[in-house]
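Q: here is my input, please return the structure:
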Amino acid sequence: ARPQGRHTPTAQYSLAVKYANGVGVDQDCAEAVRLYRLAADQGHTHAQYILAACYHHGKGIDRDYSEAVRLYRLAADGGDTRAQFNLALCYATGTGVDQDD
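A: Just a heads-up that it's a prediction; the model follows:
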């Protein structure tokens with residue numbers, strides 16, 4: 001059985017969104033990234049996508065295109081259509097990967 005409460009990936013993701021947007025807490029992008037990573041590491045597909053976007057745009061963490069691509073790929077494999085689209089853009093533009101026309 002999965003743990004209940006604040007340690008579940010969905011709870012971590014939800015709290016990350018609050019920190020990212022400053023809803024009910026002071027806005028803290030670094031804390032949001034930390035929480036997105038916890039959820040992403042447990043297979044939360046949308047957290048993987050959002051964390052990839054954070055790496056892609058350097059929001060709350062240093063920009064790292066290779067890590068963005070890795071996370072987009074995980075989320076895309078999990079069925080996240082936005083991650084699939086962004087991964088395709090990375091390949092089309094050679095962002096974090098060798099360009100594939």
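
Q: I'd say residue 75 and residue 46 touch.
A: Yes: the pair residue 75 / residue 46 is scored as a contact, 7.3 Å apart, by C-beta atoms under 8 Å. (Glycine included, C-beta is placed from N, CA and C.)

Q: which of these two has more neighbours?
A: residue 75 (27 against 19; other C-beta atoms under 10 Å).

Q: where does that one sit, in terms of helix or strand?
A: helix 65-77 (DSSP states H and E).

Q: mind listing what's buried in the helix or strand that that helix is followed by?
A: Following helix 65-77 in sequence order, the next helix or strand is helix 81-93 (DSSP H and E). Of all the residues in helix 81-93, those buried under the rule 16 or more other C-beta atoms under 10 Å are 83-84, 86-87, 90-91.

Q: what's around residue 54, how many residues?
A: A total of 26 residues lie near residue 54 under the criterion other C-beta under 10 Å.

Q: quick one on the thing from earlier: for the buried residues of helix 81-93, which one is nearest residue 39?
A: residue 83 (14.4 Å; C-beta to C-beta).

Q: now for that closest one: which residues touch it?
A: Counting by C-beta atoms under 8 Å, 6 or more residues apart in numbering, residue 83 touches 45, 48-49, 52, 71-76.

Q: for those, could you give me a markdown table that also reports pLDDT and distance to residue 28?
A: As requested, the contacts of residue 83 are exported to a markdown table (pLDDT from 0 to 100; distance: C-beta to C-beta, whole Å):
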| residue | pLDDT | distance to residue 28 |
| --- | --- | --- |
| 45 | 97 | 23 |
| 48 | 98 | 20 |
| 49 | 98 | 20 |
| 52 | 97 | 19 |
| 71 | 97 | 20 |
| 72 | 97 | 24 |
| 73 | 97 | 27 |
| 74 | 97 | 24 |
| 75 | 97 | 23 |
| 76 | 97 | 28 |
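
Q: how about the residues you listed in JSON lines, adding distance to residue 7?
A: Listed next are the contacts of residue 83 as JSON lines, based on distance: C-beta to C-beta, whole Å:
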{"residue": "45", "distance to residue 7": "18"}
{"residue": "48", "distance to residue 7": "18"}
{"residue": "49", "distance to residue 7": "21"}
{"residue": "52", "distance to residue 7": "23"}
{"residue": "71", "distance to residue 7": "21"}
{"residue": "72", "distance to residue 7": "26"}
{"residue": "73", "distance to residue 7": "26"}
{"residue": "74", "distance to residue 7": "20"}
{"residue": "75", "distance to residue 7": "21"}
{"residue": "76", "distance to residue 7": "26"}
